[in-house]
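Asks: coords please:
(one chain, ligands or ions: 1)
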Amino acid sequence: MSGEMVKQTIQIYARVKPLARRQQAGIYSVGEDEKSASSLEIIVPRDLADGFVNNKRESYKFKFQKIFDQETKQDAVFESIAKPVAECALAGYNGTIFAYGQTGSGKTFTITGGAERYSDRGIIPRTLSYIFQQLEKDSSKVYTTHVSYLEIYNECGYDLLNPRHEASRLEDLPKVTIMEDPDQNIHLKNLSLQQATNEEEALNLLFLGDTNRMIAETPMNQASTRSHCIFTIHISSKEPGSATIRRSKLHLVDLAGSERVAKTGVGGQLLTEAKYINLSLHYLEQVIIALAEKHRSHIPYRNSMMTSVLRDSLGGNCMTTMIATLSLDKRNIDESISTCRFAQRVALIKNEAVLNEEIDPRLMIIQLKKVIQELKDELAMVTGEQRTEELTQEELLQLNEIIKTFLEDPDPESTLDVGADMRKIKHCFNYIKVYSVHVQGSAEGPKNEQEILEDTGERELKSNHEAVEKKGVYTGPQQV
Ligand SMILES: Nc1ncnc2c1ncn2[C@@H]1O[C@H](COP(=O)(O)OP(=O)(O)OP(=O)(O)O)[C@@H](O)[C@H]1O
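Replies: Residues are numbered from 1 along each chain as shown. I've put the predicted structure just below:
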């Protein structure tokens, strides 16, 4: 698998929200072509056609990977869209799923879910649940999972998992800032990574973050999110004994509503928000346009915080999926068309996801030390070269164990093999000499082990006497 790369354009899906009461249905149809891609045809009602569309076309057709109609349930959306991305993240690839659409079109419902019914839970909780299920099944690797939750509000970043969030005013919270290293990797300062060892812990963090999100009331939508939110699952995995670590990030992104300011009829703070939202979505669009153009060398990622954070997801090392959320009632036809147009451009962007593997230097050193020791032993054996440094306590204990087993073995054919290390051979002779003197030559029988050890001159072993005792090294005459 090492060094593998997956080239893929951003996958685009559409989801149509069920009509609310008193909403008048827009006219649209969903079709499927030969290559099993779906197309969405939106018919512009005659009475609206002159209002906002300059040309005379009355029907628009857009291609998507798949279109989820009003009836589609959350589990089906998860299965088609999020599960494949979660699987890639588990394998070590970065993934991003982002929802884009006008206010009230179902972005939050799709990404996070509805609070009323358990079956309404969205992509984030389902993905967490799926990931932890898979981790439990796979005992071949050691996994570590962390989550972070970033909110971008009026171009400033906030850590939604900061425990001070609830009690403080937004202005008093430390801002999350972007830092770029010499390799142009983005690092986020003041954004906490919280370890989550199981689904419950991860869900609690999600819940904490969601309660901290900026909610404001607008005439268009009762509880509209005025910010961009990025929930990220960080996974690292390692095979036991290996120094190679795989790390991946899975971003689940709920963008702020994309509607035009004029229509929402807001002023004051909400207008400021709308300007920022529109501006950052405008910058997102600029990045998308630049990426879709061939031979463009400069991509304006740095213009906004969101595009900086999502740089890897857009034209970089990531497998990315976009969900265009559509509210296809008659009044929102124009917004729906602009969302679909945006999606068509996004579909042109190519990403190159690489398997994120790295070596942990600390583990590498431990491994290399072991190899060096083995090679030294082997070399000493081959060359017969004398080793001069003293045997370590551990080596002596091991050696005594071997000698003891040898002495106690009633089989006359048994041999004592300690390798070609003269120090060890000398120690063996010493041990056996003292042992035999005490066992056979002494009238009062063998001495206890401590005395033998003292006589063999291994005084440093005295301190280890207890450990030796536990291990059962030479315990008395009855065994001879
Ligand atoms: N597919 C759906 N099925 C049932 N209800 C839905 C669906 N999509 C959205 N809704 C409901 O519609 C309302 C608005 O949806 P939601 O808050 O997800 O929109 P949004 O795009 O996130 O809006 P904003 O940009 O203002 O945050 C919510 O009450 C939500 O529960």
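Asks: then the helix or strand in which T232 is found to PDB, C-alphas only?
Replies: Using DSSP states H and E, T232 falls within strand 228-238. What follows is strand 228-238 as a C-alpha-only set of coordinates in PDB (Å, rounded to 0.1, in the frame of the first residue of the first chain):
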ATOM      1  CA  HIS A 228     -18.900  27.700   8.900                       C
ATOM      2  CA  CYS A 229     -18.300  24.600  11.000                       C
ATOM      3  CA  ILE A 230     -15.600  22.000  10.500                       C
ATOM      4  CA  PHE A 231     -15.800  18.900  12.600                       C
ATOM      5  CA  THR A 232     -12.600  16.900  12.100                       C
ATOM      6  CA  ILE A 233     -11.800  13.300  13.000                       C
ATOM      7  CA  HIS A 234      -8.100  12.600  13.300                       C
ATOM      8  CA  ILE A 235      -7.100   8.900  13.000                       C
ATOM      9  CA  SER A 236      -3.700   7.500  13.500                       C
ATOM     10  CA  SER A 237      -2.800   3.800  13.200                       C
ATOM     11  CA  LYS A 238       0.200   1.600  13.700                       C
END
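Asks: That strand packs against which elements?
Replies: Contacting strand 228-238 under the criterion 3 or more C-beta pairs under 8 Å, 6 or more residues apart in numbering; DSSP states H and E are the following elements: helix 83-91, helix 123-137, strand 142-153, helix 199-211, strand 244-254. (C-beta placed from N, C-alpha, C; glycine too.)
Asks: To I403, which of the ones you listed lies closest?
Replies: Set against I403 and scored by C-beta to C-beta, the helices and strands packed on strand 228-238 come closest in strand 142-153, at 38.0 Å.
Asks: Any buried residues in the closest one, and which?
Replies: Within strand 142-153, the residues scored as buried using 16 or more other C-beta atoms under 10 Å are Y143, T145, H146, V147, S148, Y149, L150, E151, I152, Y153.
Asks: and the residue of the stretch 301-450 of the chain found nearest the ligand, how many neighbours does it have?
Replies: With C-beta to the nearest ligand atom, the shortest gap between the stretch 301-450 of the chain and the ligand falls at T325, namely 5.6 Å. When neighbours are defined as other C-beta atoms under 10 Å, T325 has 27 of them.
Asks: okay, the angle between the strand or helix carrying it and helix 123-137?
Replies: Taking DSSP H and E as the definition, T325 sits inside strand 319-326. Angle, strand 319-326 to helix 123-137, by axes from the mean of the first three to the mean of the last three C-alpha atoms, to 10 degrees: 150 degrees.
Asks: Surely K404 is within a strand?
Replies: No - using DSSP: H, G, I helix; E, B strand; the rest coil, the assignment for K404 is helix, not a strand.
Asks: distance of it from K424?
Replies: 14 Å (C-beta to C-beta, to the nearest Å).
Asks: next one: T339
Replies: 77 Å.
Asks: Tell me which of those two has more neighbours.
Replies: T339 (22 against 18).
Asks: if I pick the residue positioned nearest the centre of the chain, what's in contact with it?
Replies: Residue closest to the mean C-alpha point of the chain, counted by C-alpha atoms, centre = their mean, is H234 at 2.2 Å. The contact partners of H234, taken as C-beta atoms under 8 Å, 6 or more residues apart in numbering, are T145, H146, V147, S148, L193, R247, S248, K249, L250.
Asks: quick one on the thing from earlier: so what angle separates the directions of the strand holding T232 and strand 244-254?
Replies: Using the same axes, to 10 degrees: strand 228-238 against strand 244-254 is 160 degrees.
Asks: partners of strand 228-238, with directions?
Replies: Sheet partners assigned to strand 228-238 using DSSP bridges are listed as strand 142-153 (antiparallel), strand 244-254 (antiparallel).
Asks: Of those, which is nearest the ligand?
Replies: With respect to the ligand, and counting by C-beta to the nearest ligand atom, the nearest of those is strand 244-254 at 6.5 Å.
Asks: how about low-confidence regions in this protein?
Replies: For the chain, applying pLDDT under 70 flags the ranges 1-3, 23, 26, 33-36, 45-57, 166-170, 214-225, 259-278, 384-386, 441-480.
Asks: Pipe the helices and strands packed on strand 228-238 into a markdown table and attach distance to K66 per row.
Replies: As requested, those are exported to a markdown table (distance: least, C-beta to C-beta, whole Å):
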| stretch | distance to K66 |
| --- | --- |
| helix 83-91 | 12 |
| helix 123-137 | 15 |
| strand 142-153 | 28 |
| helix 199-211 | 26 |
| strand 244-254 | 19 |
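Asks: hmm, back to that, with distance to T388 added, can I get the contacts of H234 in a markdown table?
Replies: A markdown table is the format used below for these (distance: C-beta to C-beta, whole Å):
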| residue | distance to T388 |
| --- | --- |
| T145 | 49 |
| H146 | 49 |
| V147 | 54 |
| S148 | 54 |
| L193 | 49 |
| R247 | 45 |
| S248 | 50 |
| K249 | 52 |
| L250 | 55 |
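Asks: I'd like to know how many residues surround L90.
Replies: For L90, the neighbour count with other C-beta under 10 Å is 21.
Asks: just checking, it touches Y130?
Replies: No - at 9.1 Å, L90 and Y130 do not qualify as touching, with contact defined as C-beta atoms under 8 Å.
Asks: correct me, but K350 touches Q8?
Replies: Yes - between K350 and Q8 a contact is recorded at 7.3 Å, counting by C-beta under 8 Å.
Asks: Tell me the residues of this structure that contact the ligand?
Replies: Proximity of the chain to the ligand, by C-beta under 6 Å from any ligand atom, involves residues 17-18, 101, 103-109, 114, 221, 224-225, 256-257, 325.
Asks: Now, of the residues you listed, which are buried?
Replies: For these, buried by 16+ other C-beta under 10 Å: 17, 101, 103-109, 221, 224-225, 256-257, 325.
Asks: residues in contact with the closest residue to the ligand within the stretch 1-150 of the chain?
Replies: The stretch 1-150 of the chain approaches the ligand most closely through G106 (2.9 Å), counting by C-beta to the nearest ligand atom. Contact analysis of G106 by C-beta under 8 Å, 6+ apart lists R15, K17, A99, T325, S327.
Asks: can you name the two of these that are farthest apart?
Replies: A99 and S327 (12.7 Å).
Asks: picking that back up, out of the helices and strands packed on strand 228-238, the one nearest K370 is which?
Replies: strand 244-254 (16.1 Å).
Asks: Test my guess that N212 contacts P163.
Replies: No - the pair N212 / P163 is not scored as a contact, 9.8 Å apart, by C-beta under 8 Å.
Asks: Looking at these two, which one has more neighbours?
Replies: N212 (22 against 11).
Asks: Tell me how far the more buried one lies from L205.
Replies: Taking C-beta to C-beta, one finds N212 at 11 Å from L205.
Asks: ditto for L255
Replies: 21 Å.
Asks: Looking at these two, which is more packed in?
Replies: Per other C-beta under 10 Å, whichever of L255 and L205 has more neighbours is L255, with 25 against 22.
Asks: Can you list phi and psi of that one for me?
Replies: Per-residue torsions, L255: phi -80, psi 160 (degrees, to the nearest 10).
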